[in-house]
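K.L.:
Pasting a predicted model and its sequence here:
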Amino acid sequence: MKLCKIYSNKAFHDVSFSNGLNVIIGSMSNRNDHEKDAHNLGKSLLLEVIDFLLLKEVKNKRKFFLTKNEIFFDYIFFAEIELNSGQFLIIRRAVENNTKISFKISKTKLKNFDTNIGNWDKVELSLRKAKNYLNTSLAFNVLPVWEYRQSLNYFMRHQEDFTDVFKLSKFQGPHRYWKPMVFDLLGFNGLLLKEKFKLEESRQKLKDKIEILETENKVSKNDEDKIRGLIDIKKDELLSVSLQVDKFNFNESDNKEKTILVDEIENSIRVLNTRHYAIKYEISKIEKSLEIGVDNINMKEISSIYKEVEIFLPNKLLTEFEKVIEFNKSITHERNQFLQENLSVLQVENIGLEASLTRLEETKSTMLVDLTDKDSYAKFKKYQKQLSKIEVEVIIFEDKLRNISEISQMEGKLSSFSDIIKAKVFELNLAISQQHHKEIRKLFNQFTTKILNTPAILSVKTNKENNIEFEVEYQSKDSFSSSDLASGNTYKKILCAAFDVSLLQRYYDKSFYRFTYHDGVLDSLDIRKKENYIEFVRNLVKEFNVQYIITTIESEINQLKGAFSITNDEICLTLSDESYGGKLFKQEF
């Protein structure tokens, strides 16, 4: 896939890309005018427009520059891309109704920036259907199980994507969302890593469930024998109190029908008392669980502490930390909502039980007055309450025993998960030892060596927690020990570019991306290294038939001389700070 044209129906600098090297330049009109700036002309915004046309989802209209500015509401953008089949695909997407996308396939390239195209093959598809259609049309045979947008930004790096070679700015979620894809991209079987993450996720859920059972029921596996002993003790107590109750004989009364009725009422009271104690126990457990809230973490205070000790807290880390807190709050809220609903049901049942018990006790008291003396009745009532209390205690201990049994079963499953994960880790290490990424690593090193005269190594390993780690670092030419060159932004950008270009080279003969767009990659680079870069890229596009697009400002390249100068054929777009008309959208906003 290559880019051919990006254009619009409204004020916009339409762009036509050629095969080979394409340079987008920000031009300085007046060196002495300090109020102007060649950096804010729209070079990076063009990348955003291309991303939009390649079906980036606009999740927040108030933040995305096209949808938050009313001046763009009437804009319709078009992209013409060359498919690896040799055909051309035209994409139409409007700003206002940006979830409806149209497509047209053509055997020939557009001759101009045509906005009045008719007979669209696919008209106003939903975003989801449009992505599926584009994914099918691209027909990539590299990463076939991954949607095309998952890897797109390795070939269209925004400024913020140069901070990490592998983890792009859009990869904000857990590692399982992106590391398997990178593992695939390097030539391994990403399914192995995906399965490992799924197993670890299942294992963690099981661990959390065990922790909840142990916390809420105040038990652990080691308490099993102790609880069995307590059950035996309580059952002995139950037997003893039952014998005391059985000694009472109300049959001396002439009113045998009342005696039978009292026995029935007493049995009902015993059943209700047992349920009453059990409900009160459950209500107590839920109320204690609801008292455990989410820690109130003040991110401003944390940032302040970092500043006081002069430690830098990266914005990305801060954002991820805040997302973890929000996720924890969300899970706790859902759990508390369920507990609150359960509590309400139990409380209603408890009120009904207490009313029933009061009514039965009153009926029983009235009848027993006729059957026995006051002292005997008081003693009988005392033993009866003891009996109900002990029965509930036995039920509670047996419930704890069942929870321990459930915990034991879960720990057995936990052990099985750990064994399967160990086997997966062994498979992963075996795959790494087979060096499927050898060619990409070689190309990666060639890039940094030719441009910076400094070798760099790309490696894959499992860390102490048996998680896959991707690493890149510069090497000392003499000792081949690690160098700290990557700590600087300029040289870190080169590592990112090296990775992207090595992917272009590795898969040039496959159906995959055949272009890369690097925003500001030459900025701040030594002029001699820029010359090396230009020479390398020219050889690259010629040898591998790929498209390389860079953005820069005039002052970054005006010292390139002779054979290293950027030619007019290589400049696909020049933006200028001379007036608003020189900006990408030919206006200020």
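P.N.:
Received, thanks.

K.L.:
roughly how far apart are Asp509 and Asn545?
P.N.:
The span separating Asp509 from Asn545 equals 9 Å under the rule Cβ to Cβ, to the nearest Å. All C-beta atoms are positioned from the backbone trio N, CA, C, and that covers glycine.

K.L.:
The two: who's more crowded?
P.N.:
Set Asp509 next to Asn545 and count neighbours by other Cβ atoms under 10 Å: Asn545 wins out with 13 against 9.

K.L.:
Kindly list the main-chain dihedrals of the more buried one?
P.N.:
The phi and psi torsions at Asn545 (degrees, to the nearest 10) take the values phi 50, psi 50.

K.L.:
before we move on, what about the one 4 residues further on?
P.N.:
Torsion angles at Ile549 (phi, psi; degrees, to the nearest 10) stand at phi -120, psi 130.

K.L.:
Which strands or helices does the helix or strand containing Arg228 pack on?
P.N.:
Assigned by DSSP states H and E, Arg228 falls within helix 224-246. Of the remaining helices and strands, those touching helix 224-246 by 3 or more Cβ pairs under 8 Å, 6 or more residues apart in numbering; DSSP states H and E are helix 374-433.

K.L.:
Give the buried residues for the helix holding Arg228.
P.N.:
Of the residues in helix 224-246, those buried under the neighbour-count criterion (16 or more other Cβ atoms under 10 Å) are Glu224, Ile227, Leu230, Ile231, Lys234, Glu237, Leu238, Val241.

K.L.:
ditto for stretch 191-207
P.N.:
Of the residues in stretch 191-207, Leu192, Leu193, Lys194, Glu195, Lys196, Phe197, Leu199, Glu200, Arg203 count as buried by neighbour count, 16+ other Cβ under 10 Å.

K.L.:
Name the residues that touch it?
P.N.:
Outside stretch 191-207, the residues within contact range by Cβ atoms under 8 Å, 6 or more residues apart in numbering are 145, 174-176, 179-180, 183, 410, 413-414, 417-418, 420-421, 424-425, 427-428, 431, 468.

K.L.:
so can I have CSV of the buried residues of helix 224-246 showing distance to Glu334?
P.N.:
Compiled in CSV, the buried residues of helix 224-246 are given as follows (distance: Cβ to Cβ, whole Å):
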residue, distance to Glu334
Glu224, 32
Ile227, 31
Leu230, 35
Ile231, 35
Lys234, 37
Glu237, 41
Leu238, 40
Val241, 44
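
K.L.:
can I get the residues you listed in CSV with distance to Lys530 and pLDDT?
P.N.:
Rendered in CSV, the data for the buried residues of helix 224-246 read as follows (distance: Cβ to Cβ, whole Å; pLDDT from 0 to 100):
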residue, distance to Lys530, pLDDT
Glu224, 72, 80
Ile227, 75, 83
Leu230, 79, 84
Ile231, 81, 84
Lys234, 84, 83
Glu237, 89, 82
Leu238, 89, 80
Val241, 93, 76
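
K.L.:
ok, of the residues you listed, which one's closest to Ile549?
P.N.:
Taking Cβ to Cβ as the measure, Ile549 lies nearest Glu224 of the buried residues of helix 224-246, at 67.1 Å.

K.L.:
for whichever helix or strand comes after the helix holding Arg228, which positions count as buried?
P.N.:
Later in the chain than helix 224-246, the nearest helix or strand by DSSP H and E is helix 256-291. Across helix 256-291, burial judged by 16+ other Cβ under 10 Å covers 258-259, 262, 265-266, 269-270, 272-279, 282-283, 285-286.

K.L.:
tell me the angle of helix 256-291 relative to helix 374-433?
P.N.:
40 degrees (axes from the mean of the first three to the mean of the last three Cα atoms, to 10 degrees).

K.L.:
how far out from the middle of the chain is helix 256-291?
P.N.:
The chain centroid and the centroid of helix 256-291 are separated by 48 Å, computed with Cα atoms, centre = their mean, to the nearest Å.

K.L.:
Show me what it packs onto, helices and strands only.
P.N.:
Helix 256-291 is packed against helix 190-217, helix 315-371, helix 374-433, with contacts defined by 3+ Cβ pairs under 8 Å, 6+ apart.

K.L.:
Now do that helix, average pLDDT.
P.N.:
Confidence over helix 256-291 (mean pLDDT, whole number) is 75.

K.L.:
between it and helix 224-246, how big is the angle?
P.N.:
Angle between the axes of helix 256-291 and helix 224-246 is 150 degrees (criterion: the same axes, to 10 degrees).

K.L.:
In a markdown table: the helices and strands packed on helix 256-291, plus distance to Lys493.
P.N.:
What follows is the helices and strands packed on helix 256-291, written out as a markdown table (distance: least, Cβ to Cβ, whole Å):
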| stretch | distance to Lys493 |
| --- | --- |
| helix 190-217 | 26 |
| helix 315-371 | 17 |
| helix 374-433 | 27 |
